[in-house]
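Visitor: Just to be clear, the model below is a prediction. Sequence and coordinates:
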Amino acid sequence: METTFRKQWPTGLTVLTVIAGAMLAASLAMIFLYAPMEQNMGWVQRIFYTHVGSAWAGAVGFVGAVVMAVLYLATRSRLWDVIGHASVEVGLALVTVGLVGGMVWGNQVWGVPWTWDPKLTSFAVMWLSYAAYLMLREGIEDPERRQRFEAVYAIVAVATVLFTYLGVRLVETTLHPHVIGPSAATGEGDFGLSTRMVQTLIFAVVTWTVIYATLLWHRSRLRLLRDSVDQARANLIGGRSLAAGD
Amino acid sequence: MLPRLLLQDIPDTTSGLVFGYIAIGVIFGLYLLSLFLRARSYRRDLDIIEQTEQDND
């Protein structure tokens, strides 16, 4: 991946963007035309595939940020910070897609869009943790200090991801059904996955992972572009100051 | 007759599906739009700075 911004899209990014768009269209076609109707929930159950796929890809983004954070701390290369920051932002956008889809689905199945259930509460804590990451980093002026903060924060904040996706499975009283394995006794909205449902789900998960990778590349380029603007602006101001004899 | 009887048990949750996918589309679309608008804004800034540098030279 490039370390400085180039105006022209790389061919790989163009190909990846087209593939992601085609996969999204194919995934939606599978959801609406291939997956069978769930008998207890009806049409609204078809949100499940996009809800799980986008929530999964968001988690990949947060875990990916940890990998980038470790690489940054080991090498102090700005590139890892650029990708790590992009990974968090894209991850947050994708978990928001999953969150909104889940709320609409929950409204139909549970009768309310939100409850302070352990799974949903831990999801809210995770969401707020990463929203805070994006806000707090903007408050640090010194680039090196900001990059260190981002790396350490990404490593610490992933605890909320691990609890939301894995740790909450140990909680016996959650309303949220588990996708893999049996749900808790209190789980509502659980259903048996037929072969076609599993195929549709797997394709949706792969599709949203490809969408994550595509957006990660675009967002990283955007950050490089912003850095180029900041650098050019600093050079311009510096040049003017020298010319003025400051 | 039998398939129709079976179908009668499935609740009509079409409105939830439509609302859900509209909400998902709006959130995802807004994020894509924000990426596009930010990129356009930075490109404009870069062009203006480059133009100013050329004028100074």
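Guide: Nice, I can see it.

Visitor: need the contact list for B:T52.
Guide: Neighbour list for B:T52: A:L236 [criterion: C-beta atoms under 8 Å, 6 or more residues apart in numbering or on different chains]. C-beta coordinates here come from the backbone N, C-alpha and C atoms, glycine included.

Visitor: in what helix or strand does it lie?
Guide: helix B:14-56 (DSSP states H and E).

Visitor: Find the centremost residue of chain A, please.
Guide: Nearest to the mean C-alpha position of chain A, counting by C-alpha atoms, centre = their mean, stands A:G91 at 1.6 Å.

Visitor: host element of that one?
Guide: In this assignment (DSSP H and E), A:G91 forms part of helix A:78-109.

Visitor: do A:L201 as well
Guide: Here A:L201 is assigned to helix A:195-243, by DSSP H and E.

Visitor: just checking, what packs against that helix?
Guide: Contacts defined by 3 or more C-beta pairs under 8 Å, 6 or more residues apart in numbering or on different chains; DSSP states H and E place helix A:195-243 against helix A:11-29, helix A:47-75, helix A:78-109, helix B:14-56.

Visitor: quick one: the last one to chain centroid distance?
Guide: Shown here is helix B:14-56, whose average C-alpha point lies 10 Å from the average C-alpha point of the whole chain (C-alpha atoms, centre = their mean, to the nearest Å).

Visitor: Adding mean pLDDT, write the helices and strands packed on helix A:195-243 out as JSON lines.
Guide: Shown next, in JSON lines, are the helices and strands packed on helix A:195-243 (pLDDT from 0 to 100):
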{"stretch": "helix A:11-29", "mean pLDDT": "97"}
{"stretch": "helix A:47-75", "mean pLDDT": "97"}
{"stretch": "helix A:78-109", "mean pLDDT": "96"}
{"stretch": "helix B:14-56", "mean pLDDT": "94"}
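
Visitor: Which among these is found nearest to A:A151?
Guide: helix A:47-75 (3.8 Å; C-beta to C-beta).

Visitor: If we go by neighbour counts, what in that closest one is buried?
Guide: Judged by neighbour count using 16 or more other C-beta atoms under 10 Å in any protein chain shown, the buried positions of helix A:47-75 are A:47-66, A:68-69, A:71-72.

Visitor: How far does the helix holding A:L201 sit from its chain's centre?
Guide: For helix A:195-243, the distance to the chain centre is 13 Å (C-alpha atoms, centre = their mean).

Visitor: the inter-axis angle of it versus helix A:11-29?
Guide: Between helix A:195-243 and helix A:11-29, the angle comes out at 150 degrees (axes from the mean of the first three to the mean of the last three C-alpha atoms, to 10 degrees).

Visitor: right, and the residue nearest to the centre of chain A touches A:S129 too?
Guide: No. Checked against C-beta atoms under 8 Å, the pair A:G91 and A:S129 is beyond contact range at 11.2 Å.

Visitor: Just give me the residues shared between the contact sets of the two.
Guide: Counting by C-beta under 8 Å, 6+ apart, nothing touches both A:G91 and A:S129.

Visitor: Would you mind listing what in chain A touches chain B?
Guide: Listed as neighbours of chain B in chain A under the rule C-beta under 8 Å from any C-beta of the partner chain: A:7, A:37, A:39-47, A:50, A:54, A:93, A:96-97, A:100-101, A:104-105, A:107-108, A:215, A:218-219, A:221-222, A:225-226, A:228-229, A:232-233, A:235-236, A:239-240, A:243.

Visitor: Please enumerate residues in contact with stretch A:212-232?
Guide: Under the contact criterion C-beta under 8 Å, 6+ apart, stretch A:212-232 has outside partners A:1-5, A:13, A:16-17, A:19-20, A:57-58, A:60-61, A:64, A:82-83, A:85-87, A:89-91, A:93-94, B:35, B:38-39, B:42-43, B:45-46, B:49-50, B:53.

Visitor: for the helix holding A:G91, packing partners?
Guide: Helix A:78-109 is packed against helix A:47-75, helix A:118-138, helix A:143-165, helix A:195-243, helix B:14-56, with contacts defined by 3+ C-beta pairs under 8 Å, 6+ apart.

Visitor: So which bits of stretch B:28-47 are buried?
Guide: Buried positions in stretch B:28-47, judged by neighbour count with 16+ other C-beta under 10 Å: B:F28, B:Y31, B:L35, B:A39, B:Y42, B:D45, B:L46.

Visitor: what does stretch A:219-237 give?
Guide: A:219-229, A:232, A:236.
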